[in-house]
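Colleague: generate a structure from the sequence data that follows.
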Amino acid sequence: MYLWVSVSVVIALVIGSIFTTGIVSAVLDVIAFMILAYVAVTKVKQNKQQGEQGAENKVTPSSFGVNPNKDKFDITP
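Modeller: Here you go, the predicted model:
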């Protein structure tokens, strides 16, 4: 939910930056960048925590029938 709100705010800030000049435009761009950086850091932390919690449910190539040691697929019927 907060991701969509953040993206909407960033889009509004960039649009506002387009219609302004000088220091106001620069400040709006910096605020938009800081919001994007914050969202990226929180997503990385969230994914890392989920990875640690769900290590036993980790999807591996072998679970799809793919052998990572072979570089060719066997497609014979």
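Colleague: give me the neighbour count for residue 27.
Modeller: 14 (other Cβ atoms under 10 Å). Using the backbone N, CA and C atoms, a C-beta is placed for each residue, glycine as well.
Colleague: quick check: it vs residue 20, distance?
Modeller: For residue 27, the distance to residue 20 equals 9 Å [Cβ to Cβ, to the nearest Å].
Colleague: ditto for residue 10
Modeller: Residue 10 is 16 Å from residue 20, by Cβ to Cβ.
Colleague: next one: residue 34
Modeller: 18 Å.
Colleague: who has more neighbours, these two?
Modeller: residue 20 (14 against 11).
Colleague: the closest residue to the more buried one other than its chain neighbours: neighbour count?
Modeller: Closest residue to residue 20 apart from its sequence neighbours, by Cβ to Cβ, 6 or more residues apart in numbering: residue 28 at 6.7 Å. As a burial measure, residue 28 scores 20 neighbours (other Cβ under 10 Å).
Colleague: repeat for the one 4 residues further on
Modeller: Burial of residue 32 is recorded as 20 neighbouring residues (other Cβ under 10 Å).
Colleague: which residue packs closest to it, ignoring adjacent ones?
Modeller: residue 13 (4.1 Å).
Colleague: same for the helix or strand that contains the residue nearest to residue 20, what does it pack against?
Modeller: Secondary structure assignment for residue 28, by DSSP states H and E: helix 22-53. On a contact count with 3 or more Cβ pairs under 8 Å, 6 or more residues apart in numbering; DSSP states H and E, helix 22-53 meets helix 2-18.
Colleague: tilt between the helix it packs on and helix 22-53?
Modeller: Orientation of helix 2-18 against helix 22-53 (axes from the mean of the first three to the mean of the last three Cα atoms, to 10 degrees) gives an angle of 160 degrees.
Colleague: I'd like the mean pLDDT over helix 2-18, please.
Modeller: The pLDDT scores in helix 2-18 average 91.
Colleague: any idea how far it is from the chain center?
Modeller: 16 Å (Cα atoms, centre = their mean, to the nearest Å).
Colleague: can I get that helix in PDB, CA atoms only?
Modeller: Coordinates of each C-alpha in helix 2-18 appear next as PDB, following Å, rounded to 0.1, in the frame of the first residue of the first chain:
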ATOM      1  CA  TYR A   2       2.700   2.500   1.000                       C
ATOM      2  CA  LEU A   3       4.500   1.600  -2.200                       C
ATOM      3  CA  TRP A   4       1.700   3.000  -4.400                       C
ATOM      4  CA  VAL A   5       1.400   6.100  -2.200                       C
ATOM      5  CA  SER A   6       5.100   6.700  -2.400                       C
ATOM      6  CA  VAL A   7       5.200   6.200  -6.200                       C
ATOM      7  CA  SER A   8       2.200   8.600  -6.600                       C
ATOM      8  CA  VAL A   9       4.000  11.200  -4.400                       C
ATOM      9  CA  VAL A  10       7.200  10.800  -6.400                       C
ATOM     10  CA  ILE A  11       5.300  11.300  -9.700                       C
ATOM     11  CA  ALA A  12       3.600  14.400  -8.300                       C
ATOM     12  CA  LEU A  13       6.900  15.800  -7.200                       C
ATOM     13  CA  VAL A  14       8.500  15.100 -10.600                       C
ATOM     14  CA  ILE A  15       5.600  16.800 -12.400                       C
ATOM     15  CA  GLY A  16       5.900  19.700 -10.000                       C
ATOM     16  CA  SER A  17       9.600  19.800 -10.700                       C
ATOM     17  CA  ILE A  18       8.900  20.000 -14.500                       C
END
